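**Q** the following comprises the amino acid sequence and a computationally predicted model.
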Amino acid sequence: MPADDLPPADHESFVRALSLHERVIRAYIRGAGIWRPEDVDEIIQEVSLIAWKKFDQLDKVEEFPRWACVIARYQVLEFRRQRARDRLILNDRVFELLGEEGLEETTHNELLLRCLEHCLEKLPANGRELVQSVYEHGIAVDELAQKAGQQANALYQKLWRIRQALRKCVEQAQADRSNPDGHGANPATQA
Amino acid sequence: MKKADLELIRDYLDGRVTVDQLDGLNRLLEADAEARTEFRIMATLEEGLRDLSVSTDGQTAGFVGTDTVAGSSSRKLALRPIKIGLALVGIAMLGLLVAAALPLWRGWQWSRAPVIGEVTALSGMSLHVDGVGTELVPGDVLRAGRYRLDTGLVEFRTELGVEVLIEAPALLEIHAADQVELGAGRLSAHVPPEGIGFVVQTPSAEVVDFGTQFAVEVNEQQGTSEVHVFDGEVEVKGRRPEATPTRLHTGEAARVEAADQDPAGISLASDRFLLTLDEPDRTHTDLVREFGATAHYRMRPSEDGQVLSEGGGRYPGRIFAREKTRSSAAPGRIGSSLRLGGRKGASHAVVDRMPLEAGTDLTWSGLIRADSRPRSATIAQVDQTGRRMRLELHRDTGRLSLEIHGGDDGNGNRLLRLVDNEVLSLGEWHQVAFTFKEGEGVLYRDGIAVDRGMMGALQKSSAIRFSFGARLGIKGEASRRWDGRIDEVAVFSQALDSAQILQLFQSTQSSE
C-alpha cells in the first residue's frame, strides 16, 4: 500500500497537514470575501477545530487542503450570516460564488504562495520593511504615514506599487516554473 | 480589467470601501467571473503577505520610515506555519482537553449572557443551547445566545411580553428581548404594544413588527424567507443595506428570495403556522362538557409530543409518528390539531381503553380537514366487543362513509354502511359525527344527518378502543392511512340527538 493511501489517523498527521496547508486555507478564506485579517483568524480557529474532529473521515491526507477549504467555506458562510448587518461586507451571492469557485484553486494557490515567498525575499529592504510593518501588525497605513510624517495617499501608492511588483514577479515565477529555461523573476526590477 | 475595478477590489481588501462602492463591487463580482478570479488572486496575495510577514525571532520589525530601514535588512522573513506547526504539536497534545472544555467554556459564556425571557411551553425535545450541553425546559430562563430545536415545538416569552413559538427543525440566535435571528425553521410571534419594534432577522430578510401577530419561515436550503401577517402590521425588507422596505398588513404575506431582493407578495398561509400552544377556552368545549362527554381530545400538543392528551386527563392516548423532527401538531379549527400525514407521514393515534357506560349507545364527534384522498383511508375507528365502526374517506368517490360491523338484523346482515352523498372538500374543516342507539346508526356532516340505517342489537360492551388516522388490525397494525388533520374529538357514552349534534357544529363555527 502506498504511504499516501494510509489513513491519516493520528494527530501528528493532522498537525503536519495543517502546518503545511494553513496559509492556503487562510488564503481561501480571504478570497471567499472575508477582508478583516482578525476575522480570518477567527474562522481558521473554527476550521481547525472542526477539521480535527473530522480528521478520521478524511480518506487521503493529500486531499487535506481542499477538504479543509470545504469546511472553511461553510464557516465563511456561517460567519457571513452572523455579520449580515455589517454594511461593509459583500453580499450573500458574491460570498457563495467566491467560495464555490475558490475551492478549485487550492493547488494553484499553493504554487502562488510559494512564488510569493520567493519574490518577497527579492524585494528591496525598504519595500520589505513597509510590507512587514503593514502586514505583521495590521497597522493602518494612515497611522504609519502619520508616524513617518508622510502623506497617507503617498504611502498607499507606494504600497500599491510594491503589491503590483510582487504580482508581476509571482506571475513571472509561475511562468518560469512552467518553463524552467526562462530567467528568474525579480520584483526589484519591476517596482 | 479596468484599473478602477482593481482599485475597488483593493480598497475592499484594505477595508477602505464605502457603502456606495460596495454596492458597485457586489454588482461587478456577481456579473464578472474574471473579476472574481482577480479578487481571489489579490486576496491570496494579501493573505500570503500577511502570513510571510512574521519574523522567525518573533520580534517586530517596527516601521521607521519608508526610505530608512534600521536593522531590518538582515532579518529574514519566514513562513508562519513553521512556528505555528511547532505550536500545533503542543496544541495537539492539549487538543482533546480543549475540545472537551469548549462546551464548558461556551456554557459559562452563555450563563453570563443577559436574561431576555423565559421558556413557557414545550412539545417534543428540549431546547438546546447550541454547542453547550444545556437543555432548557418550561420555567427556565432564556438568555441571549444561539439555540437549536431538533424536534417539536417550543414557546417562550421575552421580557417585553413578546410570545414566540418556534417549530423544529430550527436554529435561532436570540440577541435581545426585541431581536431574534432565525437561521432555519418556523417562528410565530404575538407582539403586545410594549414589544412594538420587535425584530426578526433571517438570512435574507429583516422583519420589524408594529404590534401584531405574524409568522416567519426560513427555508435554509433555498435561502428564502416568508413572512405572514395574521393581525396588525410589519415592515419587511431584504438584508442588503439599501433594500426597500415593504409594509404588510393583516392577511398579507411576502417571500424574500435572497438578501439582495425585495419582498414579493404571496398568499397568506393561515393553516401552516401554529400561533400558540394554548387551546383557547371556547364555547365548543363548554358544550361538550354540558353534553356529558366521556372524553374530549382538544389536540393540544403534549410535553413529550407523543401523548394524546385528554381534557379530563383520564383516557390519554398515544401518538405514533414516523416523522420525528416535525411536530404532529398543526393549526386546528380551534387551537391545535393532530396532523395525520397519510402513507408518507405514517402517523396515527390510539386510545387503548375507554369505559362505555351505557353498553351499546355511543356518539363520536370531531373536526376533520382532509389534505388529500388516498384510495381508501380510515379517519377514525371504534372497536368494542362484537362491533367495529370505521369512518372512511374514499378517493374514487370523494365521499365519507361509516361502516358498522356486528349485530344482526335478523336477515343475516352484519354490516351497516352509511354514506354521505356529497363530496368532502379538501383543505377545509368539517364537523363529522356518528351516533349509535338501539340498533340505529346515524352519520352527520356539518351538523346535518346525511345518512342513517338500522342493524340488529349489539352485544353490550363495557369499554372501547378507538383510533385516528389509520385502520387498525387486531394486533394494532396500521394500514389505510388518512392524510389530514383532526381536532376536538369527543366521545360520549350515549347517543346525542340531532339538535345536540347541530349545536356542537354551530359552536365550532362561533369559535375562532
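**A** Noted; the coordinates are in hand. Not measured: the values here are computed from a predicted model.
**Q** now the element after the helix or strand where A:Ala27 lies, going C-ward?
**A** For A:Ala27, the host element (DSSP states H and E) is helix A:11-31. Next helix or strand after helix A:11-31 toward the C-terminus (DSSP H and E): helix A:37-54.
**Q** buried residues of the helix holding A:Ala27, list them for me.
**A** A:11, A:13-31 (16 or more other CB atoms under 10 Å in any protein chain shown). Where C-beta positions appear, they are placed from N, C-alpha and C, glycine not excepted.
**Q** which of those residues are close to chain B?
**A** Subset of the buried residues of helix A:11-31 in contact with chain B: A:11, A:14-16, A:18-20, A:22-23, A:26-31, counting by CB under 8 Å from any CB of the partner chain.
**Q** pLDDT below threshold where in the stretch 1-150 of chain B?
**A** Residue ranges of the stretch 1-150 of chain B with pLDDT under 70: B:54-105.
**Q** wait, B:Pro355 sits on B:Ala295?
**A** No. Between B:Pro355 and B:Ala295 there is no contact under CB atoms under 8 Å: 9.5 Å.
**Q** so which of these two has more stuff around it?
**A** Ranked by neighbour count (other CB atoms under 10 Å in any protein chain shown), B:Pro355 and B:Ala295 place B:Ala295 first, with 21 against 13.
**Q** partner residues bridging that one?
**A** For B:Ala295, the beta-bridge partners under DSSP bridges are B:Val491.
**Q** so who does it touch?
**A** If you count contacts by CB atoms under 8 Å, 6 or more residues apart in numbering or on different chains, B:Ala295 has them with B:310-312, B:314-315, B:351, B:354, B:490-491.
**Q** nearest residue to the middle of the chain?
**A** Because you didn't say which chain, this covers chain A. A:Ala27 (2.4 Å; CA atoms, centre = their mean).
**Q** hmm, no, I was thinking of chain B.
**A** Short answer for chain B (CA atoms, centre = their mean): B:Glu167, at 2.8 Å.
**Q** chain neighbours aside, what residue packs nearest to it?
**A** B:Arg186 (4.0 Å; CB to CB, 6 or more residues apart in numbering or on different chains).
**Q** tell me the SS of the one you found?
**A** At B:Arg186 the chain is in strand, as set by DSSP: H, G, I helix; E, B strand; the rest coil.
**Q** do you know the pLDDT at it?
**A** At B:Arg186, the predicted lDDT confidence score is 95.
**Q** so where's chain A shaky on pLDDT?
**A** A:1-11, A:136-139, A:178-191.
**Q** how is it carved up into domains?
**A** A:3-105, A:123-189 (automatic domain parsing).
**Q** does chain B sit close to the last one?
**A** Yes. In this structure, domain A:123-189 sits against chain B according to CB under 8 Å from any CB; the contacting residues are A:125-126, A:128-139, A:141, A:144, A:147-148, A:150, A:155, A:158, A:160, A:163, A:166-167, A:170.
**Q** just the buried subset of those residues, written out for PyMOL, thanks.
**A** Per 16+ other CB under 10 Å, the buried members of the residues of domain A:123-189 next to chain B correspond to this PyMOL selection:
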select buried, chain A and resi 126+128+129+130+131+132+133+134+135+136+141+144+148+150+155+158+163+166+167+170
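**Q** restricted to strands, list the residues of domain A:123-189 next to chain B.
**A** With strands taken from DSSP state E, there is no overlap with the residues of domain A:123-189 next to chain B.
**Q** now, the residues of domain A:123-189 next to chain B that are in helices?
**A** Among these, the ones falling in helices (DSSP state H) are A:125-126, A:128-137, A:141, A:144, A:147-148, A:155, A:158, A:160, A:163, A:166-167, A:170.
**Q** among the ones next to chain B among the buried residues of helix A:11-31, which pair sits farthest apart?
**A** Farthest-apart pair in those is A:His11 and A:Gly31; separation 28.4 Å (CB to CB).
**Q** tell me the backbone dihedrals of B:Gly211, please.
**A** Per-residue torsions, B:Gly211: phi 90, psi 90 (degrees, to the nearest 10).
**Q** and it, what does it touch?
**A** B:191-193, B:195-196, B:232-233.
**Q** doesn't A:Cys119 make contact with B:Leu49?
**A** No. The pair B:Leu49 / A:Cys119 is not scored as a contact, 10.2 Å apart, by CB under 8 Å.
**Q** list residues touching both of these two?
**A** A:Leu166.
**Q** tell me which element B:Gly441 is part of?
**A** Short version, using DSSP H and E: B:Gly441 is in strand B:440-445.
**Q** if you could redo that for B:Leu275, that was the one I meant.
**A** Going by DSSP H and E, B:Leu275 is not in any helix or strand.
**Q** picking up where we left off before, got the contacts of B:Gly211 as JSON lines, with secondary structure and pLDDT columns?
**A** As requested, those are exported to JSON lines (DSSP: H, G, I helix; E, B strand; the rest coil; pLDDT from 0 to 100):
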{"residue": "B:Val191", "secondary structure": "coil", "pLDDT": "93"}
{"residue": "B:Pro192", "secondary structure": "coil", "pLDDT": "91"}
{"residue": "B:Pro193", "secondary structure": "helix", "pLDDT": "90"}
{"residue": "B:Gly195", "secondary structure": "helix", "pLDDT": "89"}
{"residue": "B:Ile196", "secondary structure": "coil", "pLDDT": "92"}
{"residue": "B:Gly232", "secondary structure": "coil", "pLDDT": "93"}
{"residue": "B:Glu233", "secondary structure": "strand", "pLDDT": "93"}
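**Q** from those residues, list the buried ones, please.
**A** Buried, going by 16+ other CB under 10 Å: B:191, B:195-196, B:232-233, out of these.
**Q** redo those residues as TSV? Include distance to B:Asp278.
**A** Converted to TSV, those look like this (distance: CB to CB, whole Å):
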residue	distance to B:Asp278
B:Val191	16
B:Gly195	18
B:Ile196	22
B:Gly232	19
B:Glu233	24
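**Q** how about the residues you listed, which pair is most distant?
**A** B:Gly195 and B:Glu233 (13.6 Å).
**Q** please identify the deepest-packed of the domains of chain A.
**A** Across the domains of chain A, averaging neighbours per residue (mean count of other CB atoms under 10 Å in any protein chain shown) puts domain A:3-105 on top, at a mean of 19.
**Q** quick check: longest strand in chain B by residues?
**A** Longest among the strand segments of chain B by residue count, using DSSP E, is strand B:163-176.
**Q** give me the sheet partners of that one and which way each runs.
**A** When sheet partners are counted by DSSP bridges, strand B:163-176 sits next to strand B:145-149 (antiparallel), strand B:153-158 (antiparallel), strand B:179-190 (antiparallel).
**Q** show me which residues of the stretch 251-400 of chain B are close to chain A?
**A** So far as CB under 8 Å from any CB goes, the stretch 251-400 of chain B lies against chain A at B:258-260.
**Q** who wins for most neighbours among these?
**A** For those, the largest number of neighbours (other CB under 10 Å) sits with B:Ala259, at 23 neighbours.
**Q** hmm, it is touching B:Lys237, no?
**A** No. If you go by CB under 8 Å, B:Ala259 and B:Lys237 don't touch, sitting 9.8 Å apart.
**Q** which neighbours do those two have in common?
**A** Joint contacts of B:Ala259 and B:Lys237 (CB under 8 Å, 6+ apart) are B:205, B:243.
**Q** may I have the beta-bridge partners of the nearest residue to B:Val141 once chain neighbours are set aside?
**A** Nearest non-adjacent residue to B:Val141, counting by CB to CB, 6+ apart: B:Val115, 4.9 Å away. Beta bridges link B:Val115 to B:Arg143, judged by DSSP bridges.
**Q** neighbours around the nearest residue to B:Gly484 once chain neighbours are set aside, how many?
**A** Leaving aside its sequence neighbours, B:Gly484 sits nearest to B:Ala370 (CB to CB, 6+ apart; 4.2 Å). Other residues near B:Ala370 come to 25 when the count uses other CB under 10 Å.
**Q** what about B:Ala370, distance to chain A?
**A** Counting by CB to the nearest CB, to the nearest Å, the gap from B:Ala370 to chain A is 39 Å.
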